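Engineer: sequence unknown, structure follows:
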């Protein structure tokens, strides 16, 4: 296969990023088709991505478009059936995170992946492809921190996005499903085993709108892992300095911390405030390269027959943990996982 | 009162620090008497601190020594009765942390303090007097981070001390009472309210000796505060890089982080490993100045009649929370505080 | 012009980077032809860049290849005549730094550029396109540091490359022409005016081979600028920690420092050495993105008719300053520039 | 000698610091007498330092006061004769930097020191006693950076002090004598050899008052050392972020940088500006501990008969280099040193 022909579904904020990477940054991919229920997104596909073949109906794209692979960047609740349909139509599938919004959906997607061992399936946990996270994983595999036994993960969205988040708070599934899924995946990835128990808390001090919608603006969770390891997650929505994603992996011989200062670039300003480092504003800025690298990996896997490093079961497990965390937070109780 | 005449009891590692500060660094204090059940410590008092009046019996020192104040740096389990005796003997009291090892003891000390409103009592939560922590508190009081609602505290002892810690593991009260008491105090101090619930986990991956002694080498706890705030504590005993104490206070308008890199000084080495910052080795190195500043504050309070910023009730509450954390860790259950 | 058809000449270390960017990372460019006197490089063009049309003779490529633009990545001494030939053949030209190895050559290139105002010419001072440097420039233009009046620039190659550099020391033109040309350009760019005088020193303490070849392993130069500003350059070849490029721009209201720690990524390791940040190993690693962004800019300029931000005269002036610095270093004397 | 009895002369800003250290922070010193031509300073000595014996005339203090040592913190131009008088009166001498304002004076002081080998003389290059600088020296002596061959030193006073500095600009000796003397000492100390040649530049972009007084607000100098090493000094008076002292020592195996960010403490703020580190405001804040440690060293030397690490000849040589730098700056010419 010289070039992988790709159809994309969903061209919102993140869909546009994937679309541009596929159209212009990955020579071995050819973006041939686009699907969306939003007319402006199809217009974007035509004018900005040079895609002539556009669809308002996903199933129609699967039937008619001459494509090898589908890239799914739709609303989370649509992911699983779209995965299954695409696989059943013989297409390789890349799907953005999360796999699904409940475990039942995820298991259906898992079943579809199992039905089609001949096809590549990859889930978009792009942080694993970020250079700093990949470096940490490599150091850990090289034994530099001994046995990793604790992960402390922080993910706080910028205050600038809070108003928008409030509008979606009722349908987002709550802060843990909406924001912690990457951190959950990183915990599992770095610790190499499964969480068995969780306790979680939420807090809202700045934007009562979250609480009114049944959500919280800040969440914290404490996890026990099956090997005795520990995970701590802190997610939030009100960082004044930008988009703060930070992760620490602690092992018996040392630890690795990624991005204690989520610096925008290598410049430091010295002014009357002191020594100032501007921070990244958003996840697309922070993970720009990771989005490209994960998609290159997907295309490479399709071309070579290799299996992507992020499996469908990684998606199910993250959703299971996310749901358990949500239950612990809602009930104020310890929750066993699985 | 020109100079405050002080008697010290206990001249172990920390007692020596307090003794030297009193003898040589605080002009308004005069170290007149020392008490210890360890003969070498009394020898140290004579030869190194220039104290001629030494006692093997604490009550005897209280009776005979012409002192205004007592500084207590003995084993934790002795603190409370020694506090009460000293106050009843008309002495001002500085007592190192923790106040006591159980709540009953603490309440007896509280009662003694209440009986003697004319005397100063101060508990040695010296971190509050560290320049960086005091700066953070000042910034918070000036409103720079809005309403503080979350504290993330880390305190990890150097690997170099692990073997010693294992020997004391059976009698230390467990990792949370032994190591988290300062972090508990900082949470209360920065958030300005009380913890109401805790869940905690322990882990041991490097030194099975801790587990064999019924302790753990790492602990993590998640706290709910009465105003809806959140606290996270991570304590451990195996930092390869030195003594890692780090604290983050998050508010509605910003956050303050203290000592993400526990640097030894302002030097950075560039060598074949990269850019390297050596870290502090121990708590006396990290908090050398704080120990001096807190003792100056105590002496000032005695001389001026001001009440010290750290009260006996701060000690009781920290112990209450430490005990609840220990219970949560031991039982693997959520524990209500008070 | 839908796509700019490009021929590349020179496919050494940096030529390969430009070649891959043109072939795969810039949709609006089409790499059609390659020229080299090294057969393996032409083989690389065919197999790795998918270029079928290859030439051993540069003039032949200019005559026969159907290309709109030429990208010159040859030995510095060949740049100027190749620029003139390409322009006279009606091709847009991107040429890597330095413009030429002496001023006479540079003026010939300048003359050729002036003869062809209809064609784009761009010099590869890629640091201007690095995100951190571009950010600094933008902050300066926004007035954030007031009037910039001093630049302190450091560029030290990794020790790992020293042996190779010694082999080229006799023909490199000396450390200032070989290594300081980017720093010279940055000084001019940030200060917005010209250097008028220079004093320079060299030192060799680690590798006598440099001194034996008439070169030095370390150089330092101090520049007076026409508006009274000051420049300081430090270049070297023996950094044990990696590739250290650092620049500070100081203004009347503040300063900006870029890359005081030339970190490899956002990870920090905590191990027995302390807190360790690994550093970038080489200029391709440090400026990977800048090489892509400058080439995108060139292609955009060709397509849109805009003039690139780095002009031929920037190249001449940097060479003039580099030669004056070399003269100051060799003679141990103050040298007037121009 | 149980306690060293000290008389201090000069109680300006820095004299007060030394006075307080002597009175309250150094048990082995006893501040017995004070001398000043400023009545308020004598009042300060009485009320704040508890010194009862005060003098308006320096020679009178030398004659009448029962003191073992003199601490000189007067105007630079008075240092040398005061040193000689004190030594001839049989007193040990600590004198603040610089030794003198011209070389002739310094040599007279040197002669007096040679006349009195039985007495301790120490010059106040307190940076050598700062923990970070002492650590760097120790690392260098342990061979961690191989042979040190380059020092880059920066010292910029806060903008807040600029107005005051302008008032003294006519009599300060110029920016290099006024500000670079510590940096000159550090270069000599770290490189372990002497400077032989200097070129220097000045610049004034913010405060024309400096230029009007024949001074400059910024200075830069480039030094050749006798072993082939290189020194670079940058001094200034307009740092908006505080007091910026930074030093880098580069060796054949690595380098050490001190205080790239002149942080006030270990706290970092995250707010809408980004990640912000407040900086130290002034030299007393930055070097508070170094002032104490150097005075302790002096007192220890007096008591033990040891010779202090900073000799009178260190003072002469720094002044020689400072004068040569000033000459290079004024004449715009290379100047041989000695």
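Structural biologist: Received it, and whenever you're ready, just let me know what you need. None of these values were measured; they are calculated from a predicted model.
Engineer: rest of the way, CA atoms for contacts and neighbours
Structural biologist: Will do.
Engineer: how about the residues of the stretch 151-300 of chain A by chain D?
Structural biologist: A:239-242, A:261, A:270-279 (CA under 8 Å from any CA of the partner chain).
Engineer: list the buried residues of stretch A:159-176.
Structural biologist: For stretch A:159-176, the neighbour count (16 or more other CA atoms under 10 Å in any protein chain shown) marks A:159, A:160, A:161, A:162, A:165, A:166, A:169, A:172, A:173, A:174, A:175, A:176 as buried.
Engineer: ditto for stretch A:23-30
Structural biologist: In stretch A:23-30, residues buried by neighbour count (16+ other CA under 10 Å) are A:23, A:24, A:25, A:26, A:27, A:28, A:29, A:30.
Engineer: and for stretch A:185-198?
Structural biologist: Result for stretch A:185-198 [16+ other CA under 10 Å]: buried residues A:185, A:186, A:187, A:188, A:190, A:191, A:194, A:195, A:196, A:197, A:198.
Engineer: which among those residues gets closest to chain D?
Structural biologist: residue A:186 (24.4 Å; CA to the nearest CA).
Engineer: out of everything not next to it in sequence, what's closest to that closest one?
Structural biologist: residue A:128 (7.5 Å; CA to CA, 6 or more residues apart in numbering or on different chains).
Engineer: please list all residues in contact with residue A:39.
Structural biologist: When the contact criterion is CA atoms under 8 Å, 6 or more residues apart in numbering or on different chains, the partners of residue A:39 are residue A:56.
Engineer: would you say residue A:320 is within a strand?
Structural biologist: No - with DSSP: H, G, I helix; E, B strand; the rest coil as the criterion, residue A:320 is assigned helix and is not in a strand.
Engineer: how many neighbouring residues does it have?
Structural biologist: Per other CA atoms under 10 Å in any protein chain shown, the neighbour tally for residue A:320 reads 22.
Engineer: SS state for residue A:127?
Structural biologist: Taken by three-state DSSP, the conformation at residue A:127 corresponds to helix.
Engineer: quick check: it touching residue A:288?
Structural biologist: No - at 10.3 Å, residue A:127 and residue A:288 do not qualify as touching, with contact defined as CA atoms under 8 Å.
Engineer: neighbour-wise, which of these two wins?
Structural biologist: Neighbour tally, residue A:127 and residue A:288, criterion other CA under 10 Å: the higher count belongs to residue A:127, 21 against 16.
Engineer: measure the more buried one to residue A:134 for me?
Structural biologist: 8 Å (CA to CA, to the nearest Å).
Engineer: for the residue of chain A most remote from its centre, what are its contacts?
Structural biologist: For chain A, the largest distance from the centre (CA atoms, centre = their mean) belongs to residue A:272, which lies 38.4 Å off. By CA under 8 Å, 6+ apart, the contact list for residue A:272 reads C:254, D:240, D:241, D:242.
Engineer: restricted to helices, list those residues.
Structural biologist: Secondary structure assignment by DSSP state H places none of those in helices.
Engineer: nearest to residue A:221, of those?
Structural biologist: For the contacts of residue A:272, the closest approach to residue A:221 (CA to CA) belongs to residue D:241, at 38.8 Å.
Engineer: the closest one and residue D:277 touch, don't they?
Structural biologist: No - look at residue D:241 against residue D:277 with CA under 8 Å: they stay out of range, at 9.7 Å.
Engineer: those helices in the stretch 201-338 of chain A, which residues are they?
Structural biologist: A:208-212, A:283-286, A:288-304, A:312-331 (DSSP state H, counting those that start in this stretch).
Engineer: could those helices go into JSON lines alongside distance to chain C and mean pLDDT?
Structural biologist: JSON lines is the format used below for these (distance: least, CA to the nearest CA, whole Å; pLDDT from 0 to 100):
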{"stretch": "helix A:208-212", "distance to chain C": "32", "mean pLDDT": "97"}
{"stretch": "helix A:283-286", "distance to chain C": "11", "mean pLDDT": "96"}
{"stretch": "helix A:288-304", "distance to chain C": "10", "mean pLDDT": "97"}
{"stretch": "helix A:312-331", "distance to chain C": "24", "mean pLDDT": "97"}
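Engineer: re earlier: and the contacts of residue A:272 near chain A, which?
Structural biologist: Applying CA under 8 Å from any CA to the contacts of residue A:272, those adjacent to chain A are C:254, D:240, D:241, D:242.
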